[in-house]
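Student: 3D model of this:
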Amino acid sequence: MKDDEYIESGSNIEFYITSDVHYFSDQLTDQGEAYEAYITSGNGRQIEYIDEICSAFADQVKKKKPEVLIISGDLTNNGEKASHIELSQKLKEMEQNGTSVYVIPGNHDILNPWARSFKNDKQYVTESISPVEFSEIYADFGYQEAVSKDKETLSYLAAPSDDVWILMLDTNKYKNNVSYNMPEADGILAKGTLDWIAQCANEAKEKGATIITVMHHNIIDHSEVIQEGYTLNNSEYALNIFKESNLNLIFSGHIHIQDISSDQKGAVPVYDIASGALSVYPHQYGTLTYNASAKSFLYNTSVLDVESWAKKERSKDENLLHFESYAEDFFGKFAYDRAYQRLLMEDIYSKEEMEAMAEVMKILNLRYFAGREYLNSEDIVKSEGYQLWKSSGEGFMSGYMNSVITDKDTDDNKLVIKLPE
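Tutor: Predicted coordinates for the structure are as follows:
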């Protein structure tokens, strides 16, 4: 936040919030056989069009000019230095247009042994970055203007206005990545960092500021079956510290689904809003509006309009010009194929039964990642495919499906938070 961009007290503030961009530099691929194999065997991330997605998002930010953009980690595909540098250039353009950008790393971003480039039919190890390099590359996006920094991690406190501060927390465990030859996916907030967090909260209380907390990992579970490696290892202990510090609005990512979970115990509810991945269907982002007079926050989501950007850029790529249907088909096929292949390995269902089961998994997954799973799940429950999953016994996929259908904690795409008097 530069001096001329400081938001005066009593002003309304518009925040854009996204996560899991997984940007990948075009410099690292020749679009050949190895890259194509990597794309098709992926986990649903739309890496092939990630530059276009980011350009469309940057265009939206420039057009709407929110005061603040927050990105809660996994900025790059697998921590490639070239990807970090290119993404930082895109963020710089947004800041030059008047939006202050704040970032933190995710588990993919630092000291990642999986950083790769692709040429012809081979993958090659490419340069990743250290924690120090991360803070240098993204110096203009939080680290340079931080009013306080944690001594143990890349966490920092930013104060874009007198009224609202942002606590950006590095929850990642990357120090052993090189020796393990893989990035650690799980996260933690160590005691030293938690002590620093409490100090930041006390300072905010003294100054009459409200804190928005941002981290990559989740502090509250967002799934009954997907928790390990996603929810903080010491989430219960950390959540108690947050409650004591009146940190009740948290934005996270990592799990790639759009989901709002809450802890209603205590005087003030605590909300953990997991932002859907910008790189994954339906490619949406969050908007958070601070209403100064009402002393409240309003959260909503918006699907990124890639098609309008593609038309403006006069693209001839039919996938971009019809991106909404293309993205749905791409992610739907990913879910369908994964379910079908797992059922094929079990070798107990007919072709027709596997197709019905895979189809219902596809539909439910599309809704789940958009945060709209429970709004119309009756058609799923009554379907042949679901009944087959239900009778298939205990297993990850049947458990996953049931957890999705029964997730009715709150509307995952809208939330109003009234600040305590």
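Student: when you work out contacts or count neighbours from here on, use the C-alpha atoms and nothing else.
Tutor: Fine.
Student: okay, now the domains of the protein?
Tutor: The record's domain parsing of the chain by automatic domain parsing lists 3-308+411-418, 322-405.
Student: can you tell me the distance between the two ends of the last one?
Tutor: Taking Cα to Cα, to the nearest Å, the first and last residues of domain 322-405 lie 30 Å apart.
Student: residue boundaries of the strands in the stretch 251-400 of the chain?
Tutor: Shown for the stretch 251-400 of the chain, the strands assigned by DSSP state E, counting those that start in this stretch span residues 259-263, 270-274, 284-291, 296-303.
Student: using TSV, lay out the domains of the chain together with distance to Ser315, mean neighbour count and mean pLDDT.
Tutor: Conversion of the domains of the chain to TSV gives the following (distance: least, Cα to Cα, whole Å; neighbours: other Cα atoms under 10 Å; pLDDT from 0 to 100):
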stretch	distance to Ser315	mean neighbour count	mean pLDDT
domain 3-308+411-418	9	20	95
domain 322-405	11	17	88
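Student: helix, strand or coil: sort out Pro113 for me.
Tutor: Taking DSSP: H, G, I helix; E, B strand; the rest coil as the rule, one finds Pro113 in the coil state.
Student: oh sorry, the question was meant for Glu127
Tutor: What three-state DSSP gives for Glu127 is coil.
Student: pretty sure it is touching Ser83, no?
Tutor: No. Look at Glu127 against Ser83 with Cα atoms under 8 Å: they stay out of range, at 10.0 Å.
Student: how far is stretch 388-396 from where the chain is centred?
Tutor: Chain-centre distance of stretch 388-396: 29 Å, with Cα atoms, centre = their mean, to the nearest Å.
Student: what residues does it touch?
Tutor: Contacts with stretch 388-396, where a contact means Cα atoms under 8 Å, 6 or more residues apart in numbering, come from Val225, Glu353, Met357, Met397, Ser398.
Student: max pairwise distance over those residues: which two?
Tutor: Val225 and Glu353 (24.4 Å; Cα to Cα).
Student: report the beta-bridge partners for the closest residue to Ser100 other than its chain neighbours.
Tutor: Excluding the flanking residues, the one nearest Ser100 by Cα to Cα, 6 or more residues apart in numbering is Val68, at 4.8 Å. Following DSSP bridges, Val68 is listed with bridge partners Phe15, Ser100.
Student: reformat the domains of the chain as JSON lines; add distance to Lys316.
Tutor: What follows is the domains of the chain, written out as JSON lines (distance: least, Cα to Cα, whole Å):
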{"stretch": "domain 3-308+411-418", "distance to Lys316": "11"}
{"stretch": "domain 322-405", "distance to Lys316": "11"}
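Student: and the contacts of stretch 388-396, which of them are in helices?
Tutor: Glu353, Met357, Met397, Ser398 (DSSP state H).
Student: ok, the nearest residue to the second one once chain neighbours are set aside to Lys362 distance?
Tutor: This means Met357. On the basis of Cα to Cα, 6+ apart, the spatially nearest residue to Met357 that is not a chain neighbour turns out to be Gly385, at 4.0 Å. Applying Cα to Cα, the value for Gly385 to Lys362 is 11 Å.
Student: export stretch 74-81 as PDB, just CAs?
Tutor: What follows is stretch 74-81, C-alpha atoms only, in PDB (Å, rounded to 0.1, in the frame of the first residue of the first chain):
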ATOM      1  CA  ASP A  74      -0.500 -21.400  -4.300                       C
ATOM      2  CA  LEU A  75       0.400 -18.600  -6.700                       C
ATOM      3  CA  THR A  76       2.200 -21.000  -9.000                       C
ATOM      4  CA  ASN A  77       1.800 -24.500 -10.400                       C
ATOM      5  CA  ASN A  78       4.800 -26.000  -8.600                       C
ATOM      6  CA  GLY A  79       6.900 -23.100  -7.500                       C
ATOM      7  CA  GLU A  80       8.700 -22.500 -10.700                       C
ATOM      8  CA  LYS A  81      10.800 -19.300 -10.500                       C
END
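Student: what's in contact with that stretch?
Tutor: Stretch 74-81 has contacts (Cα under 8 Å, 6+ apart) with 19-24, 47, 83-84, 87, 105-112, 114-116, 126-129, 216, 254.
Student: of those, which belong to helices?
Tutor: The helices, defined by DSSP H, take in Ser83, His84, Leu87 from these.
Student: tell me which of those is nearest to Arg338?
Tutor: Proximity of the ones in helices among the contacts of stretch 74-81 to Arg338 was ranked by Cα to Cα; the top entry is Ser83 with 28.2 Å.
Student: returning to what we had before: between the domains of the chain, which one is nearest to Arg314?
Tutor: Using Cα to Cα as the criterion, the shortest distance between Arg314 and the domains of the chain is 9.7 Å, found for domain 3-308+411-418.
Student: quick one on the thing from earlier: list just the nearest of the ones in helices among the contacts of stretch 74-81 to Ser325.
Tutor: Here the nearest of the ones in helices among the contacts of stretch 74-81 to Ser325, counting by Cα to Cα, is Leu87; it sits at 26.3 Å.
Student: how about the contacts made by the residue lying closest to the closest one once chain neighbours are set aside?
Tutor: In space, and not counting its chain neighbours, Leu87 is closest to Tyr23: 6.9 Å by Cα to Cα, 6+ apart. By Cα under 8 Å, 6+ apart, the residues touching Tyr23 are Ile47, Ile50, Asp51, Cys54, Leu75, Thr76, Asn77, Ser83, His84, Leu87.
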